[in-house]
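Chemist: Prediction below, plus the sequence it came from.
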Amino acid sequence: MTIYRYPEDHAHQPLILMVPGAPLTEGHWMTRWSRWSADAQILELGLWDEPHRNTWVNKLNLAIQRADRPVVIVTEDIAALALAWWVEFEAVGPENAVTGAIIVNPPDLDLPGADERLARFGAVPRRELPFRSFLVSDLEGSVGRQRSLARLARDWGACPVCDDTRRGFTSGWMLLQTVLGLETKQPAPDAPFVGVLPGNAPGSSLRQ
């Protein structure tokens, strides 16, 4: 197990490592986020149709080690499984480079036949992730899928969140600021102003 230590932790702006589960389009929210912050980086795992578990995990592990600073991981779809297996294979404990994660629309592990790619990952680890995490499911998901993802969030120790992830996911940018630990939440550059009541600001109802 690798132990990561940073002598002056406050001097290291975390790397936002975004890991998609499919090739990105120009209008995808990860593509947009990569333009909004110089600290955002996209890690494409490749082998999209026939993912290889160990190859994906090794690519993720290498990117984390090369960062040489704290890392916040943002995954979408099946890329979440690479994160879970990285934690398992590296025996990741509380002292590690990853300080937080946002896991967006992971696969429904209770319906492995729904996505043939899942068979390539085996029985995905479901132990608690050793860092602060949020699991975001789309509002349009079925009741069965929402329940499945709620169970996965519980097992991974992630805070469950329902949101609309299809139209730019600007609210996700606000959630990212929470994971980064920024006291002043930075709105997305193209997000419209939305007034909120005291105590109902984005993230105020999220539990950890």
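Modeler: Sure thing, it's come through.
Chemist: show me where the protein has strands.
Modeler: Ranges of strands in the chain, per DSSP state E, are 15-19, 40-42, 71-76, 98-104, 132-138, 159-163.
Chemist: any idea how far Gln146 lies from Ala82?
Modeler: Relative to Ala82, Gln146 is positioned 23 Å away (Cβ to Cβ, to the nearest Å). Backbone N, C-alpha and C define where each C-beta goes, glycine included.
Chemist: Please say which of the two ends up with more neighbours.
Modeler: Comparing Gln146 with Ala82 by neighbour count (other Cβ atoms under 10 Å), the higher total belongs to Ala82, at 26 against 16.
Chemist: And the more buried one, how close does it get to Leu62?
Modeler: Relative to Leu62, and taking Cβ to Cβ, Ala82 is found at 12 Å.
Chemist: same question, Arg166
Modeler: From Arg166 to Leu62 the distance is 31 Å (Cβ to Cβ).
Chemist: Any stretches of this protein with poor pLDDT?
Modeler: Flagging of the chain using pLDDT under 70 yields the residue ranges 1-12, 183-208.
Chemist: Mind doing that once more with 80?
Modeler: Within the chain, the stretches with pLDDT under 80 are 1-12, 112, 141, 166-168, 182-208.
Chemist: mind listing the helices for this protein?
Modeler: Per DSSP state H, the chain has helices spanning 29-36, 53-67, 79-89, 143-156, 170-180. These are given in chain order.
Chemist: closest to Pro130 out of these?
Modeler: Between Pro130 and the helices of the chain, the tightest spacing by Cβ to Cβ is seen for helix 79-89, at 6.8 Å.
Chemist: Can you give the contact residues for the closest one?
Modeler: By Cβ atoms under 8 Å, 6 or more residues apart in numbering, the surrounding residues in contact with helix 79-89 are 19-21, 45, 53, 56-57, 59-61, 64, 73, 75, 92, 101, 103-104, 106-107, 118, 121, 124-127, 129-130, 156.
Chemist: could you dump the helices of the chain to TSV with distance to Pro14?
Modeler: Supplementary listing: the helices of the chain in TSV, determined by distance: least, Cβ to Cβ, whole Å:
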stretch	distance to Pro14
helix 29-36	14
helix 53-67	9
helix 79-89	16
helix 143-156	20
helix 170-180	6
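Chemist: So which of those is nearest Leu111?
Modeler: Comparing the helices of the chain under Cβ to Cβ, the one sitting nearest is helix 143-156, at 7.2 Å.
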